[in-house]
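[1] The following comprises the amino acid sequence and a computationally predicted model.
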Amino acid sequence: AQSVTQLGSHVSVSEGALVLLRCNYSSSVPPYLFWYVQYPNQGLQLLLKYTSAATLVKGINGFEAEFKKSETSFHLTKPSAHMSDAAEYFCAVRRSGGYNKLIFGAGTRLAVHP
Amino acid sequence: DTAVSQTPKYLVTQMGNDKSIKCEQNLGHDTMYWYKQDSKKFLKIMFSYNNKELIINETVPNRFSPKSPDKAHLNLHINSLELGDSAVYFCASSQAGQGAYNEQFFGPGTRLTVL
């Protein structure tokens, strides 16, 4: 069975600082991994996804994530935070076969302060 | 143009009532989903339909009944609403198949409050 753990339900950074949101996964088969962002009172938007083509994945809005099989991790980073990055971020996993069923982590709320 | 739309955006109702939430997608996808997001922001899949056929049915009370009249629509009907049903319900859609490129696109959500 697949599962996702996001370490840290709240992360606070200064504007311009590095953003690091942690995600560890558990999967018995090669996984597909995703990061979604949810702005207040909105739906989820895909930031990036890992599909085994490359371990370093670049997404929208300057975000990227690195798949590390040895650490079963898929942490999300951004070199310099903007105020507009304040949102809820969700890591999700699905198995590489079978139905398109996403298993989400509990989410991390990112706050960006001046 | 809105890709995945849901109506209503907000729904406030009394315990015991029956209500429906509608979802429509104009992306040409043939797979649609319902997710529930609880008060702690935890997201969990409830159902998925592929071309009007139910393919994912998680452990959800049978008071919840999805209906897909065609592949562009997936509605959620809830009978005998309970306080614990209060949540945000998200509809999503994607292409069918097992490929990772079948990204799920989410609607804006319906906030259901049961009093």
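    Structure's in. What do you need? Numbers count the residues shown, from 1 in each chain, chains lettered A, B, ... in the order given.

[2] how much space between A:Val37 and chain B?
    Note on A:Val37: its distance to chain B, by C-beta to the nearest C-beta, to the nearest Å, is 11 Å. Every residue, glycine included, has its C-beta placed from N, CA and C.

[3] Identify the neighbouring strands of the helix or strand harbouring A:Tyr32 in the sheet and state each direction.
    Using DSSP states H and E, A:Tyr32 sits in strand A:31-38. Sheet pairing for strand A:31-38, assigned by DSSP bridges, gives strand A:44-50 (antiparallel), strand A:87-95 (antiparallel).

[4] Name the residues that touch it?
    Residues outside strand A:31-38 that contact it (C-beta atoms under 8 Å, 6 or more residues apart in numbering or on different chains) are A:2, A:21, A:23, A:25, A:44-52, A:59, A:61, A:63, A:65, A:67, A:74, A:76, A:87-96, A:102, A:104, A:107, B:41, B:100, B:106.

[5] Give me the buried subset of those.
    A:2, A:21, A:23, A:25, A:44, A:46-51, A:59, A:63, A:65, A:67, A:74, A:76, A:87-95, A:102, A:104, A:107, B:41, B:100, B:106 (16 or more other C-beta atoms under 10 Å in any protein chain shown).

[6] What are the boundaries of the strands in chain B?
    B:4-7, B:10-13, B:19-25, B:31-37, B:43-50, B:53-57, B:64-70, B:73-78, B:87-94, B:105-106, B:110-114 (DSSP state E).

[7] could I get these as JSON lines with mean pLDDT and distance to A:Trp35?
    Shown next, in JSON lines, are the strands of chain B (pLDDT from 0 to 100; distance: least, C-beta to C-beta, whole Å):
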{"stretch": "strand B:4-7", "mean pLDDT": "96", "distance to A:Trp35": "19"}
{"stretch": "strand B:10-13", "mean pLDDT": "97", "distance to A:Trp35": "28"}
{"stretch": "strand B:19-25", "mean pLDDT": "97", "distance to A:Trp35": "22"}
{"stretch": "strand B:31-37", "mean pLDDT": "94", "distance to A:Trp35": "16"}
{"stretch": "strand B:43-50", "mean pLDDT": "90", "distance to A:Trp35": "13"}
{"stretch": "strand B:53-57", "mean pLDDT": "85", "distance to A:Trp35": "22"}
{"stretch": "strand B:64-70", "mean pLDDT": "92", "distance to A:Trp35": "27"}
{"stretch": "strand B:73-78", "mean pLDDT": "96", "distance to A:Trp35": "25"}
{"stretch": "strand B:87-94", "mean pLDDT": "95", "distance to A:Trp35": "16"}
{"stretch": "strand B:105-106", "mean pLDDT": "93", "distance to A:Trp35": "14"}
{"stretch": "strand B:110-114", "mean pLDDT": "97", "distance to A:Trp35": "24"}
